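A.B. asks: Could you look at this predicted model? Sequence included:
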Amino acid sequence: MSVSQSGISQVRVRWDEARPNIFTASHMNYQKLGTNQIYTRTINWRERTAELSGLTRGADYSIYLTHVASLPNTVKAATTFHIESTSISITSSHTFPVTIGDEVTLTCRVVIPSGISGNLDLEWHQPNGTYRYAPVYGIVGGRMVYDELRLGHITQSNVGEYSCTASLNGAVSSTITIPNLNLPSPTVAIEQSRSDTLYAGTDISLTCTATLTESLRYLGLSVHISWSGPQTFISSTMEGSNGVYTKRLSISPLAISDSGTYICAATVSGTNVYSITSRHSRVVSVTDLPPPTVVISEVGGERTAGEELQLTCTVTVVENLVTSPCIRWTGGSLEDVQSVGLL
């Protein structure tokens, strides 16, 4: 900074600012240009540190040049300078809140101002108290540095605050918080083996299918499927893999007392994950078995005394009947009882 004033016999120039000993000042230089006398004094940083001996990066400061001469008043001129700062931020690969099981990566971004060089140290601090140190970066000012923290398939243990600290002649930090996760429920569906009328004496099977979301299939979760209903029954062993599991319930033969609501419950649980149950229900209505249709037909034509007579009894029952009908012939001295297998 320079000042000029004509006709001055004595000039004193100094730099004034709020924090002493920040700068070193050169000797005052004198130059005559035409009728003006120009006095110049230059200041420089005493040292180049991240904090600049107490001055904060990212802030604006004003310094003043005081010109004292044989004038009744002091003349001041001011200039403002800005200390460029190292910036740091953390971003996530997913928008919060994330879903349990998602693969999440946090990225720490550091912007280094021009004129700064040295070794940059990056340190991650995680909610479980562990640290991870990134490789040391050789830094030339005016560049950006990225470092990724890969959390993998995220669980409840990953919830909390993460911080990234960059050290380069001073430290700057940024934080990001992963909030509570979305907890997806398994999808539960029931498929019925028959859609026709359910008569007593017939059979039925109900198959419950539990499907996990894609993000849950890599967490090693435990899956349990159970049935409940109006009567005691036997269900099959659960089967399945790759996030799709089934368990079948069979009732044979059906009785009127089997009518009611059947509920399938699928529970998913795991260490440091969560436990959640989804349910689906199906109403089963059993109808009384209608009487069978019986038709007797004679084999052959008209008979005379002494000839053989052959009669055929045809019994028609509902489909899917699991019990065989019992046919009894009576007439005269004849009495025959026979259980007939279903065709």
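C.D. replies: Received, thanks.
A.B. asks: ok, and the residue lying closest to Glu239 once chain neighbours are set aside, which helix or strand is that part of?
C.D. replies: Closest residue to Glu239 apart from its sequence neighbours, by Cβ to Cβ, 6 or more residues apart in numbering: Thr246 at 5.4 Å. For every residue, glycine as well, the C-beta is placed using N, CA and C. Using DSSP states H and E, Thr246 sits in strand 244-251.
A.B. asks: Tell me the buried residues in that strand?
C.D. replies: Neighbour-count burial for strand 244-251 flags 245-249, 251 (criterion: 16 or more other Cβ atoms under 10 Å).
A.B. asks: after that strand, next one along is what?
C.D. replies: Criterion used, DSSP H and E; the element after strand 244-251 is strand 260-269.
A.B. asks: Does that next one pack against any helices or strands, and if so which?
C.D. replies: strand 187-192, strand 204-211, strand 222-228, strand 244-251, strand 275-284 (3 or more Cβ pairs under 8 Å, 6 or more residues apart in numbering; DSSP states H and E).
A.B. asks: Can you list the strands that the third one pairs with?
C.D. replies: Strand 222-228 pairs in its sheet with strand 260-269 (antiparallel), by DSSP bridges.
A.B. asks: Let me know the angle separating the partner strand from strand 204-211.
C.D. replies: Here strand 260-269 points in a direction 30 degrees away from that of strand 204-211 (axes from the mean of the first three to the mean of the last three Cα atoms, to 10 degrees).
A.B. asks: got the angle between strand 260-269 and strand 275-284?
C.D. replies: Using the same axes, to 10 degrees: strand 260-269 against strand 275-284 is 160 degrees.
A.B. asks: which other residues reach strand 260-269?
C.D. replies: 185-186, 188, 190, 206, 208, 210, 212, 216, 221-231, 245, 247, 249, 274-284 (Cβ atoms under 8 Å, 6 or more residues apart in numbering).
A.B. asks: which residues in the stretch 101-250 of the chain form strands?
C.D. replies: Using DSSP state E, counting those that start in this stretch, the strands of the stretch 101-250 of the chain run over 103-112, 117-125, 131-133, 137-140, 143-153, 160-167, 171-178, 187-192, 198-199, 204-211, 222-228, 234-235, 239-241, 244-251.
A.B. asks: Could you dump these into CSV and include distance to His94?
C.D. replies: Shown next, in CSV, are the strands of the stretch 101-250 of the chain (distance: least, Cβ to Cβ, whole Å):
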stretch, distance to His94
strand 103-112, 5
strand 117-125, 18
strand 131-133, 19
strand 137-140, 26
strand 143-153, 10
strand 160-167, 13
strand 171-178, 9
strand 187-192, 22
strand 198-199, 48
strand 204-211, 22
strand 222-228, 25
strand 234-235, 39
strand 239-241, 27
strand 244-251, 25
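A.B. asks: just to revisit the earlier point, what packs against the strand holding Thr246?
C.D. replies: By 3+ Cβ pairs under 8 Å, 6+ apart, strand 244-251 packs against strand 204-211, strand 222-228, strand 234-235, strand 239-241, strand 260-269.
A.B. asks: Out of those, which gets nearest to Ser297?
C.D. replies: Nearest to Ser297, of all these, is strand 204-211, at 33.9 Å by Cβ to Cβ.
A.B. asks: in the closest one, what's buried?
C.D. replies: Neighbour counts using 16+ other Cβ under 10 Å place 204, 206-211 of strand 204-211 among the buried residues.
A.B. asks: ok, now stretch 236-245?
C.D. replies: Within stretch 236-245, judged by 16+ other Cβ under 10 Å, the buried ones are 238, 243, 245.
A.B. asks: Mind telling me which of the strands of the stretch 101-250 of the chain the model trusts least?
C.D. replies: Least confident of the strands of the stretch 101-250 of the chain, judged by mean pLDDT, is strand 137-140 with a mean of 65.
A.B. asks: before we move on, back to that, and the buried residues of strand 204-211, which is closest to Leu309?
C.D. replies: Once Cβ to Cβ is applied, the member of those that ends up nearest Leu309 is Ile204, at 42.6 Å.
A.B. asks: before we move on, back to that, is it possible to get TSV of the helices and strands packed on strand 260-269 that adds distance to Val111?
C.D. replies: Formatted as TSV, the helices and strands packed on strand 260-269 follow (distance: least, Cβ to Cβ, whole Å):
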stretch	distance to Val111
strand 187-192	45
strand 204-211	45
strand 222-228	46
strand 244-251	47
strand 275-284	42
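A.B. asks: Can you pull the domain assignment for the protein?
C.D. replies: Using automatic domain parsing, the domain ranges for the chain come out as 2-82, 87-178, 187-287, 293-339.
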